[in-house]
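S.K.: quick check, what structure comes out for this input:
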Amino acid sequence: MDKSAIRRRLALGMTVLTASGLIALASPGHAEAAGYCPGRQVRTLSFSTGSVQVYKRDGYVCAVTFAKRVSGRKTMSVSVQARGSRPAADVGQYTHHAGPVTVHAGHRCVWIRGSVGSGSVSSGWTLC
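M.R.: Have a look, this model is predicted:
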């Protein structure tokens, strides 16, 4: 392989890396939730002080609560409960997010709750 072919391949590689970086920066919302939960996003539960991102894959449901404003530690929580089971929860003092929490729901309904400070959301039975 000659030097010009190597340069072309390096240039192509750098172009692909640059383009993928720009696409990642342009993605709206909490794209980082995908890094915490596997699967596809099925719900976003918004409330006054944050939102809960909900993902589903192979019968498992995963959720993460994100603060709307990142400013110091505040009480945050997220929980997911499959019908007939106990909830899986994460509660604590966080700056950015609570969770992820994951439960095996199979084909059962789940109840999702999340809070940031004084704001909260509760889904009721969903994803049935």
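S.K.: tell me the mean pLDDT for the helix or strand that contains residue 53?
M.R.: Using DSSP states H and E, residue 53 falls within strand 50-57. Average pLDDT, strand 50-57: 97.
S.K.: how about stretch 121-128?
M.R.: For stretch 121-128, the mean confidence score works out to 96.
S.K.: check which residues of it are buried.
M.R.: Residues 121, 123, 127 are the ones in stretch 121-128 that count as buried (16 or more other Cβ atoms under 10 Å). In short, each C-beta sits where N, CA and C put it, glycine included.
S.K.: now the last one, nearest residue through space, not along the chain?
M.R.: Among residues not flanking residue 127 along the chain, residue 110 sits closest, at 5.3 Å (Cβ to Cβ, 6 or more residues apart in numbering).
S.K.: how far away is that neighbour from residue 104?
M.R.: Shown here: residue 110 relative to residue 104, a distance of 10 Å by Cβ to Cβ, to the nearest Å.
S.K.: intersection of neighbour lists for those two?
M.R.: residue 82 (Cβ atoms under 8 Å, 6 or more residues apart in numbering).
S.K.: between these two, which one's more packed in?
M.R.: Regarding residue 110 and residue 104, a neighbour count based on other Cβ atoms under 10 Å identifies residue 110 as having more, with 23 against 12.
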